[in-house]
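Trainee: Next come a sequence and a model predicted from it.
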Protein chains: 2
Amino acid sequence: MHGMMMNQPLSIMEILRYASGAHPGAGIVSVRTEGDIHRETYAEAYARGAQLAHGLDALGIGRGDRVATLAWNGYRHFEIYYGVSGMGAVCHTINPRLSAEQMLYIIGHAEDKVLCVDLTFVPLIEALSEHLPRNLKIVVLTDRAHMPDSRLDLLCYEEILAGKPDTYDWPHLDEQTAAALCYTSGTTGHPKGALYTHRSTVMHAMTVAITLNKSLKEGAKILPVVPLFHVNAWGLPYAAPLAGATLVMPGPKLDGASLYDLMEAEGVTSAWGVPTVWMGLRAEIEKRGRPPKGFEQVMVGGSAAPRSMIEGFEKDGIDVCHAWGMTEMSPVGTHGQLSEPMKALPWDEQMRLKSLQGRRLFGVEMKIVDEQGAPLPHDGTAMGELFVRGNTVVSGYFNNPEASDKALDSEGWFGTGDVATINDHGFLSIQDRSKDLIKSGGEWISSIDLENIVMACPKVASCAVIAVAHPKWDERPLLIVVPKGDEKPTLEELHELLLESVAKWQLPDALEFVQELPLTATGKVSKLTLRKQFEGYQLPDAD
Amino acid sequence: MHGMMMNQPLSIMEILRYASGAHPGAGIVSVRTEGDIHRETYAEAYARGAQLAHGLDALGIGRGDRVATLAWNGYRHFEIYYGVSGMGAVCHTINPRLSAEQMLYIIGHAEDKVLCVDLTFVPLIEALSEHLPRNLKIVVLTDRAHMPDSRLDLLCYEEILAGKPDTYDWPHLDEQTAAALCYTSGTTGHPKGALYTHRSTVMHAMTVAITLNKSLKEGAKILPVVPLFHVNAWGLPYAAPLAGATLVMPGPKLDGASLYDLMEAEGVTSAWGVPTVWMGLRAEIEKRGRPPKGFEQVMVGGSAAPRSMIEGFEKDGIDVCHAWGMTEMSPVGTHGQLSEPMKALPWDEQMRLKSLQGRRLFGVEMKIVDEQGAPLPHDGTAMGELFVRGNTVVSGYFNNPEASDKALDSEGWFGTGDVATINDHGFLSIQDRSKDLIKSGGEWISSIDLENIVMACPKVASCAVIAVAHPKWDERPLLIVVPKGDEKPTLEELHELLLESVAKWQLPDALEFVQELPLTATGKVSKLTLRKQFEGYQLPDAD
Ligand SMILES: Nc1ncnc2c1ncn2[C@@H]1O[C@H](COP(=O)(O)O)[C@@H](O)[C@H]1O
């Protein structure tokens, strides 16, 4: 028997419409590529979203068409998110850190009709222009005064909006309508596109707002260092207006000093980003002797957050919430806020728990399975591949039947490619990417565990552990370190440090120093590149 | 174009399943009718919900069947909410304050198969037993030791659960599946049933948790004085486990001293209920000279909260959030938390704003219209009937095509029967009621029902019943009579007449005689004029 309730489709534009009325004090503060600071309320963004939709109508954009962006975090990018999805088109965010080849592949695969670029990326587009589709319209996110000289036929964003009505008859869309598209670099082959719906996006905004309510609350000021081109900045452009929080968009400058100054000036209450970014901010906080005023919480995810970093922030009184997720999950899957009973534990134990990936969000189901696909217990020791299910999880990839076929298991769960344990408190602990795991003599070694411990050594700036082929043990760990300062750590002293927490057989067999670690387009350490770089590496005792 | 995301139906049981894993510290504390205090975690409630579902299976309950409750706030009532909806049946909460006649009508109309009653209500059921459907199974919410002697064939709740497996293969239900049923007293005629879906209920829990996050947060202890038999206790049994808050169920004793003691003992952080209840608590706070320790917020709604009460709590440092809603809205529609810019206003102005009904929840759309149905501006002065739309609003009434036909306007909006203004900050202010109802202590009295009965008295030519302000009950009925002939009826004899059909608490408090009743342009009695005429009327016992 069905109930007798109305059915209004979940709609992205309804979030901004709601915020524009219900949260008059909140909006978007942006460091502009033009150099100044810009402020607009959500009501203003809503009106400009309407103008943009009229402008895109005039450019011939229709339902389902893809409108791409190549842009930093700023209010115009935010307006595109809403204007494009709101009119029933698809907002396709492109990661500027991709190789030219991948970028061109993506633009072609998505069949983008419009590409909106920040000033910074005009030279890049000029360089690629010959390979871009003929009919791709390029819009520069600036006003007439700042439009660059270019041999290309460039449209000006502010001119597209100028004079257009500031209301729009937003269509009543089926909640399954495609709203946004984001490609993820696979371990092999071409990037694959996650095609989010209005329903999945609104559900993600709601569940994130419910759970991460230390950050997402009315009056909060949230700094998304995580880029709008990377899985919708973890959903912040949707969750923040829903909760009534202001977004402080940092623009392109993400070094520790710039972030610190911006946070202090704007009274940022929480900041969201990958661990790499927080290294710079931590250094700056140490230099200045105190955290920015009013700074309450740092949300860290995208890679495992090293425990030393978590402890650093926590000692300064800043709550650290470690989150795990992926492009295919909209992206947030879990969060590491301690549950009530855990808050009574000794500090050390709390820090250990905080360095795990934490508890699932409402609506995200998780299972770990063995190699035959049989479910494993959530006992904190059984380790298996992690599968997820829920309204915010992809059911396949855009226009890619081959990858789509492989995405789900026979019961409809999505395979994350992460290997994990889940303890009896529901805390997820990612042990490794299934590709990065080290299997030595039939036993797993977690490179992430080793890395986290080594990071605590003051002589280490960053590090990575990779698997190297070994004649006897199959694989053995190799430790690669970027030293901090002049005095390099020795393998012996790192072994000593490691032995406090890991078994002897898990110790890395060798140590190598590099100037910097190779990064993927999303700023994570590229284990793939490292493994290639050290292919055939001769371990000391492996002969 | 559709996106490529999974579609998991929103499901009530998923809330409890989630809470049982993600919020190990939270659960339900109940003052039992047996007299003691009982504690269970959400994980335990989840397990007992499974046992109950097995038990109901054994009793022959299937999908869509109605399982009714006549019970106070307690853990068993909570378990029924989940167990019944989770198995695909419908949880039908009955208001014990209804007249016997109405109660019997509702049980018959809903075609209840099982009726779960608290010990307190056994005598009531015994009195009604002859009129109850033959095959209605009566379950008493207690254990064997406390089972009452009765000539009726009573089942024991704990025996139904005993020995059953504590897991259940919860069906994967369409999210439109009916989950819960709650009758509301209409202006005329019989009560009408709002039939909630899994989708509407989960959406309500999520939007309430996002917005009312001062109350609904992990580790909070929430006291629902609002009954579980009244619109699902404002959704708390769903929103609290979702947010990780503990529910402190007060049982039947709701006087100021009992509430104060319970709050102090359990460290209640927020309390939800109608204004009448808070009068008693305010008096107790004044008597003891301070509010209960840890008490942060009071949520008040169901009737307009008097400003003096709001100021009383606020002066004690307790945040007051005034909410508006109705049975047909699941029920919360608006909340009166001040928006950020308002927090800078003078205290007096803040208190004025707090006494309005406040801002809409995400997903609840509001419009006010004039008599022709044309929308009016949200300027704080234009006054019109309030219409609402959204996923948490009814689209009609259970098994009542006639009422369903009249429920929505031509654009699909639900007419609330409230007359309101909305200001440019989105703040709703309820001005009047177009429906002919009196709300006393959070419960409805139908003036039309009373009028129809009184008209049967040969000494009455015509009559009207209007609401008069009352310090404790908010509103009480005043009976206004145009006498027929010389001999005027007495209040006593009219009470006697009324008692044949209505409950005692619904009797008019006073009787006034007039020469004639004022009429509207269309010849109906003008309640508006009458209410103005008797403004400030002093009821006999209202001092
Ligand atoms: N905060 C409030 N202020 C004024 N009236 C209210 C408030 N909350 C509820 N009501 C009234 O109660 C009705 C809903 O009653 P019910 O369906 O019993 O919950 C609304 O339509 C209003 O008339």
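Mentor: That came through, no problem.
Trainee: Who are the contact partners of the closest residue to A:His172 other than its chain neighbours?
Mentor: Using CB to CB, 6 or more residues apart in numbering or on different chains and skipping residues adjacent in sequence, the residue nearest A:His172 is A:Pro9, 6.9 Å away. (Each C-beta comes from the backbone N, C-alpha and C, glycine too.) By CB atoms under 8 Å, 6 or more residues apart in numbering or on different chains, the contact list for A:Pro9 reads A:172-175, A:198-199.
Trainee: change it to 7 Å
Mentor: Counting by CB atoms under 7 Å, 6 or more residues apart in numbering or on different chains, A:Pro9 makes contact with A:172-175, A:198.
Trainee: in what helix or strand does it lie?
Mentor: Assigned by DSSP states H and E, A:Pro9 belongs to neither a helix nor a strand.
Trainee: I'd like to know how far it sits from B:Gly390.
Mentor: Distance of A:Pro9 to B:Gly390, computed by CB to CB, to the nearest Å: 11 Å.
Trainee: hang on, A:Leu70 packs against A:Leu115?
Mentor: Yes - A:Leu70 lies in contact with A:Leu115 (CB atoms under 7 Å); the separation is 6.4 Å.
Trainee: near the ligand, which residues of chain A show up?
Mentor: Proximity of chain A to the ligand, by CB under 6 Å from any ligand atom, involves no residues.
Trainee: Show me how chain A divides into domains.
Mentor: Listed by automatic domain parsing, the domain ranges of chain A are A:9-27+A:40-198, A:363-433, A:438-533.
Trainee: Deepest-packed of these, please.
Mentor: Comparing those by mean neighbour count (mean count of other CB atoms under 10 Å in any protein chain shown), domain A:9-27+A:40-198 comes out on top with a mean of 20.
Trainee: State the mean pLDDT of it.
Mentor: Averaged across domain A:9-27+A:40-198, the pLDDT comes to 95.
Trainee: Kindly report the same for stretch A:210-223.
Mentor: Mean pLDDT, computed over stretch A:210-223, is 97.
Trainee: Report the contact partners of A:Pro483.
Mentor: Shown in contact with A:Pro483 (CB under 7 Å, 6+ apart): A:459-461, A:513.
Trainee: whoops, A:Lys164 was the one
Mentor: By CB under 7 Å, 6+ apart, the contact set of A:Lys164 is A:51, A:54-55.
Trainee: and the gap between it and chain B?
Mentor: According to CB to the nearest CB, to the nearest Å, A:Lys164 and chain B sit 24 Å apart.
Trainee: Could you check how far that residue is from A:Arg48?
Mentor: For A:Lys164 relative to A:Arg48 (CB to CB), the value is 9 Å.
Trainee: who touches both of these two?
Mentor: Contacts common to A:Lys164 and A:Arg48, judged by CB under 7 Å, 6+ apart, are absent.
Trainee: Can you name the residue of the stretch 1-150 of chain A nearest to the ligand?
Mentor: A:Met5 (14.9 Å; CB to the nearest ligand atom).
Trainee: distance of that residue from chain B?
Mentor: Separation of A:Met5 from chain B (CB to the nearest CB) stands at 4 Å.
Trainee: what do you get for A:Ser129?
Mentor: According to CB to the nearest CB, A:Ser129 and chain B sit 28 Å apart.
Trainee: what's the answer for A:Val277, then?
Mentor: A:Val277 is 27 Å from chain B, by CB to the nearest CB.
Trainee: secondary structure element for the closest residue to the ligand within the stretch 251-400 of chain A?
Mentor: Nearest residue of the stretch 251-400 of chain A to the ligand (CB to the nearest ligand atom) works out as A:Phe362 at 26.4 Å. Counting by DSSP H and E, no helix or strand carries A:Phe362.
Trainee: A:Tyr18: what secondary structure?
Mentor: Using DSSP: H, G, I helix; E, B strand; the rest coil, the structure places A:Tyr18 in helix.
Trainee: Setting the sequence-adjacent residues aside, check what's closest to it.
Mentor: Once flanking residues are discounted, A:Tyr18 sits nearest to B:Phe362: 5.0 Å by CB to CB, 6+ apart.
Trainee: Same question for A:Arg76.
Mentor: Leaving aside its sequence neighbours, A:Arg76 sits nearest to A:Leu141 (CB to CB, 6+ apart; 4.5 Å).
Trainee: Does that neighbour touch A:Val114 like I think?
Mentor: No - contact between A:Leu141 and A:Val114 fails when scored by CB under 7 Å: they sit 11.8 Å apart.
Trainee: Helices of the stretch 401-543 of chain A, start to end?
Mentor: Counting by DSSP state H, counting those that start in this stretch, residue ranges of the helices within the stretch 401-543 of chain A are A:401-407, A:447-454, A:491-499, A:527-533.
Trainee: Tell me the backbone dihedrals of A:Lys315, please.
Mentor: When read as degrees, to the nearest 10, the backbone of A:Lys315 gives phi -70, psi -30.
Trainee: ok, so what distance separates it from chain B?
Mentor: Per CB to the nearest CB, A:Lys315 is found 23 Å from chain B.
Trainee: again with A:Ala407
Mentor: As judged by CB to the nearest CB, A:Ala407 and chain B stand 9 Å apart.
Trainee: Have a look at chain A and report its longest helix.
Mentor: Counting residues, the longest helix in chain A under DSSP state H turns out to be helix A:42-58.
Trainee: Low-confidence ranges, the stretch 201-350 of chain A, go.
Mentor: By pLDDT under 70, the stretch 201-350 of chain A has no low-scoring segment.
Trainee: Can you pull the residues of it lying near chain B?
Mentor: Contact residues, the stretch 201-350 of chain A versus chain B (CB under 7 Å from any CB of the partner chain): A:206, A:209-210, A:213, A:217-219, A:242-243, A:339-341.
Trainee: Is A:Met103 in contact with A:Ile94, as I believe?
Mentor: Yes - proximity of A:Met103 to A:Ile94 meets the contact threshold set by CB under 7 Å, at 6.3 Å.
Trainee: Can you find the residue of the stretch 301-450 of chain A that comes nearest to chain B?
Mentor: Using CB to the nearest CB, the single residue of the stretch 301-450 of chain A nearest to chain B is A:Glu340, 3.3 Å away.
Trainee: Give me the neighbour count for that residue.
Mentor: When neighbours are defined as other CB atoms under 10 Å in any protein chain shown, A:Glu340 has 15 of them.
Trainee: what's the closest non-adjacent residue to it?
Mentor: Spatial nearest neighbour of A:Glu340, excluding adjacent residues (CB to CB, 6+ apart): B:Gly25 at 3.3 Å.
Trainee: next one: A:Tyr537
Mentor: Nearest to A:Tyr537 is A:Val468, by CB to CB, 6+ apart, at 4.9 Å.
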